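Asker: got a predicted model here, sequence first, then my questions.
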Amino acid sequence: MIYFAHRGASGQRVQNTLPAFARARQLGARCYELDVHLTQDGFLTVHHDYDLSSTAGAAVEIKNVSLAQLKNYPLANPFDGRPVFVPQLQDVLPLVEKDLQILNVEIKNDGNRYPGIEQKLLAELAAYNPAILAKTLFSSFDYGTLVRVRELSKNARIGQLTRSFDVSEALALKAESVHLNHTRFAPEIARICHDNGLKVYLYTVNEKNLAEQLQRQGADGIFTDHI
């Protein structure tokens, strides 16, 4: 069973922030999940939503502000009150690379909101450390985004993130895994995936008993806020 630190140690620190990833590593994480966006000036940043409404109380879309302007929007921090901000991907990588097994990067790109994000992401990871690129698993709810990743790199590791399971789509991508909400999972899905050489990773699972149940039913890994 693989345990992904979902947006870092998001049960103890503000999700998708530097303290969250640092804490996840302290707790023993070797697999991580994060979400990427592009700022107006072309920097890869780590945040879940397209805007800052739920995290900073500001109706500001990441694509419409520069990296410098993001520093005007501290994220709500119910854990210790310290100022935290949307980080750059390049600042997260040093926190997760030690003993890294898998870095699941979810590309937030519905409707190709960020044209060219796939190429920029592949290039930035390769420039930082080719070893991290080899350990990166790219996922997205936007199927076209994953198609473009595959077109750019025959060696890219792809996990199809989907709300509607169709094994033919994952196979067309030459994916290695299928990612589902655990409430949409059934043992039959695991059987079909395993018969086709695919792993099944489920989100978001925060109870140990549920994780163990899903493992018995054939899940290969979970995303959890409580690593």
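Answerer: Received it, and whenever you're ready, just let me know what you need. Everything numeric in this text was worked out from a predicted model, so none of it was measured.

Asker: drop to CA atoms for contacts and neighbour counts, all remaining ones
Answerer: Noted.

Asker: ok, longest strand in the chain?
Answerer: strand 31-38 (DSSP state E).

Asker: ok now that strand, how far from the chain's centre?
Answerer: Distance, stretch centre to chain centre, for strand 31-38: 4 Å (C-alpha atoms, centre = their mean, to the nearest Å).

Asker: once you drop chain neighbours, what's closest to Asn77?
Answerer: Of all residues not flanking Asn77 in the chain, Val14 sits nearest, at 6.1 Å (C-alpha to C-alpha, 6 or more residues apart in numbering).

Asker: picking up where we left off before, packing partners for the helix or strand that the longest strand of the chain is followed by?
Answerer: Using DSSP states H and E, the helix or strand that directly follows strand 31-38 along the chain is strand 44-46. Strand 44-46 makes packing contacts with strand 31-38, helix 89-96 when contacts are defined by 3 or more C-alpha pairs under 8 Å, 6 or more residues apart in numbering; DSSP states H and E.

Asker: would you turn those into TSV with mean pLDDT and mean neighbour count?
Answerer: Shown next, in TSV, are the helices and strands packed on strand 44-46 (pLDDT from 0 to 100; neighbours: other C-alpha atoms under 10 Å):
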stretch	mean pLDDT	mean neighbour count
strand 31-38	98	25
helix 89-96	98	18
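
Asker: could you dump the ones you listed to TSV with distance to Tyr143?
Answerer: Output for the helices and strands packed on strand 44-46, formatted as TSV (distance: least, C-alpha to C-alpha, whole Å):
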stretch	distance to Tyr143
strand 31-38	16
helix 89-96	22
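
Asker: and of these, who's closest to Ala123?
Answerer: helix 89-96 (11.7 Å; C-alpha to C-alpha).

Asker: contacts for that closest one?
Answerer: For helix 89-96, the external contacting residues (C-alpha atoms under 8 Å, 6 or more residues apart in numbering) are 17-18, 21-22, 25, 30, 32, 36, 44-46, 124, 128.

Asker: try it again at 7 Å.
Answerer: Leu18, Phe21, Ala22, Arg25, Leu44, Thr45, Val46 (C-alpha atoms under 7 Å, 6 or more residues apart in numbering).

Asker: check stretch 2-9 too.
Answerer: 15-16, 20-21, 23-24, 29, 31-34, 220-227.

Asker: low pLDDT regions in the chain?
Answerer: For the chain, no stretch is flagged by pLDDT under 70.

Asker: follow-up on the earlier one: farthest pair in the contacts of helix 89-96?
Answerer: Arg25 and Leu44 (21.7 Å).

Asker: any buried residues in stretch 55-67, and which?
Answerer: Neighbour-count burial for stretch 55-67 flags Thr55, Ala56, Ile62, Lys63, Leu67 (criterion: 16 or more other C-alpha atoms under 10 Å).
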